[in-house]
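here are the coordinates; sequence isn't available:
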């Protein structure tokens, strides 16, 4: 998608074997490019090797925040989900090695993504609709995390890595050990273990606010400490014509909920995955790939006295089959089948959604026709989804969800695209499409106080399909170490399911002996909406020779409008400007990056503007042993200790969670 590196080299070059080489080159983004074409103008990013190590944080949202078009939901240091082009929740598809991530992170801003970035070898981000491949809930984009838990490339002997990180604004202490081994007969295995512990996050001195009321000034984000650990085993057979393997992994994560001073979440996830691919040298079928997983997820919201207020549990299965066929009349493509099932339950007095069952099946096809001057592409996806609510439990003290109910939807998505090498080093890409998304279970059936956001959230059981049309134009240029990429896009929604304040406060009875409480009402409502924006990336080589120096820059402009009310859409990232300078030799690298986030004054009548701020980060890394077998890194974040707030965060939590303060992170890594 953004490189001409042969597929075999990409597959064979995991971070264990050649992390420095991957960091220095651009890599194919397989997530949005099943045909493995070179697409330099496509809106995509890939992090691996040293580039990933420099950005790696405790959450995926924080790790990816600042990439072109990518922001973070910003619910403290432990629960931050990627937001792509102003779209979040069920519009950003989270993938684990191409398979579904089963958790509750799309339901609530305080729910963490059940993936630890420390074990991830590569992260691919596709900006813009990818609904043809992954369904309507990829309207905003796709984030695919890739590891080597199921071996996919041949390896002989033992390879591995170990990482230790200390410091940062949360006083983090973390470590990871990853092992990969293989035999001459093709059998290979993988093992990894990760642990992390952190304290309350340090921030510039500020005055926290809750419901507009000021608390005592502080230099810590309250109740933001965390502890997590994970482990995995995988094995399989790998050969020249494909692979087949399985893995099992487990994750445990306990962290504080910033919105409540004495509530913490105990998260558990166990996952069994199967994946395989068979490549054929000739015939109509060129390759056939299958992946499937079974995930058990649970998290408990534990009160300060030890009582469990609410338990969220999910059991999910997903299966994906892809067939790549040989060219027929010059047309080459991929056909696929996808099936997902999710059984969700919420138990406890604070549950604001009922137990639900979601089932979906889809057929999709993506075809390309290379011509002399241009390559044309077309795709279509037909889905069938059923979302059922169990309603109120028998004998429930409070009747909120009504009787059992069920809705059926048949989303249809399609797109057309063209890509052309218009001049030496220049590439132009244009695409148009139509995307439909079935409402998520919480957008249909939510009805209750969401403690994490301190709001009464109410779904609409009669919600219609979310429908959008999108257009995108990308231009890219590359000459040696110099590159430029610019993308302009627009998505227009005939029905956009927005969660926004209604302007009404809901009065509820307090605890025994306490007065009634009042919380704002937030509604999932279908409105007409429009998202449009511009993304620019620039890299230039200023100095060559024994020491090279590069200049990098980026610009993001995004505007979201509720066309039904004439007001701005909520939680839209303001203009962002990034400039960096980096340089080094084969033995060391160092750099600086300045990010300016503009004031967000385009807010609705039930929100408040967010001031702009600028952040300077410094970093350096080097080798202790030759050939990168052992190295070190250091990063000084927010050098000026600037105070800033995330405009993308939900308004009820924004005043509690400023960006991290000045902090030094150091680490060691070893490869063998």
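All right, it came through fine. Everything numeric in this text was worked out from a predicted model, so none of it was measured.

From what I see, residue 457 and residue 522 are in contact.
Yes. Between residue 457 and residue 522 there is a contact at 5.0 Å, judged by CB atoms under 8 Å. In short, each C-beta sits where N, CA and C put it, glycine included.

what is in contact with those two at once?
Residues touching both residue 457 and residue 522 by CB atoms under 8 Å, 6 or more residues apart in numbering: 450, 499.

what about the residue located most distally from the centre of the chain, helix or strand, and which?
Using CA atoms, centre = their mean, the residue of the chain lying farthest from its centre is residue 513. It sits 43.3 Å away. Here residue 513 sits in a region with no helix or strand, counting by DSSP states H and E.

State the distance from it to residue 640.
Plainly put, residue 513 is 48 Å away from residue 640 if you go by CB to CB, to the nearest Å.

Residue 583 now?
As judged by CB to CB, residue 583 and residue 640 stand 22 Å apart.

more neighbours, these two?
Using other CB atoms under 10 Å, the more surrounded residue of residue 583 and residue 640 is residue 583, with 16 against 13.

For the more buried one, list each beta-bridge partner.
Here residue 583 sits in beta bridges with residue 549, residue 590, going by DSSP bridges.

and residue 149, how many residues sit next to it?
Using other CB under 10 Å, residue 149 has 28 neighbouring residues.

nope, residue 514 is what I meant
8.

do residue 373 as well
Residues near residue 373, counting by other CB under 10 Å: 8.

again, but for the one 5 residues further on
Number of residues near residue 378 (other CB under 10 Å) recorded here: 17.

for it, helix, strand, or coil?
Judged by DSSP: H, G, I helix; E, B strand; the rest coil, the three-state class of residue 378 is strand.

need the contact list for it.
366, 367, 414, 415, 416, 417.

again, only this time at 10 Å
The neighbours of residue 378, taking CB atoms under 10 Å, 6 or more residues apart in numbering as the test, are 132, 331, 333, 365-369, 414-417, 433.

among these, which ones are buried?
Taking 16 or more other CB atoms under 10 Å as the criterion, what is buried in these is 132, 333, 365, 366, 367, 368, 414, 415, 417, 433.

what's the most distant pair in these?
333 and 433 (16.2 Å; CB to CB).

just the helices in the chain please.
Under the criterion DSSP state H, the chain contains helices at 7-12, 15-24, 49-55, 60-64, 131-134, 441-445, 651-654.

Return the set of buried residues in the last one.
When burial is assessed from 16+ other CB under 10 Å, helix 651-654 yields the following buried residues: 651, 652, 653, 654.

ok, the residue lying closest to residue 552 once chain neighbours are set aside to residue 50 distance?
Of all residues not flanking residue 552 in the chain, residue 580 sits nearest, at 4.2 Å (CB to CB, 6 or more residues apart in numbering). Per CB to CB, residue 580 is found 14 Å from residue 50.

So which of the two has more stuff around it?
When residue 580 is set against residue 50 and neighbours are counted by other CB under 10 Å, the residue ahead is residue 50, at 21 against 17.

was I right about residue 670 contacting residue 623?
No. Judged on CB atoms under 10 Å, residue 670 makes no contact with residue 623 at a distance of 11.0 Å.

Which residues are in contact with each of the two?
Listed as contacting both residue 670 and residue 623 by CB under 10 Å, 6+ apart are 629, 630, 631.

count of neighbours near the nearest residue to the last one once chain neighbours are set aside?
With sequence-adjacent residues excluded and distances taken as CB to CB, 6+ apart, residue 631 is closest to residue 623, at 4.9 Å. Residue 623 has 17 neighbouring residues, counting by other CB under 10 Å.

show me the contacts for residue 623.
20, 585, 586, 587, 588, 589, 629, 630, 631, 632.

now residue 89
Taking CB under 10 Å, 6+ apart, we find residue 89 in contact with 73, 81, 83, 105-109, 137, 140, 440, 442-443, 497, 499.

sorry, back to before: distance to residue 90 and neighbour count added to the contacts of residue 623, as TSV?
Below are the contacts of residue 623 laid out as TSV (distance: CB to CB, whole Å; neighbours: other CB atoms under 10 Å):
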residue	distance to residue 90	neighbour count
20	37	17
585	46	12
586	45	11
587	46	11
588	43	14
589	39	22
629	43	12
630	43	15
631	39	22
632	41	14
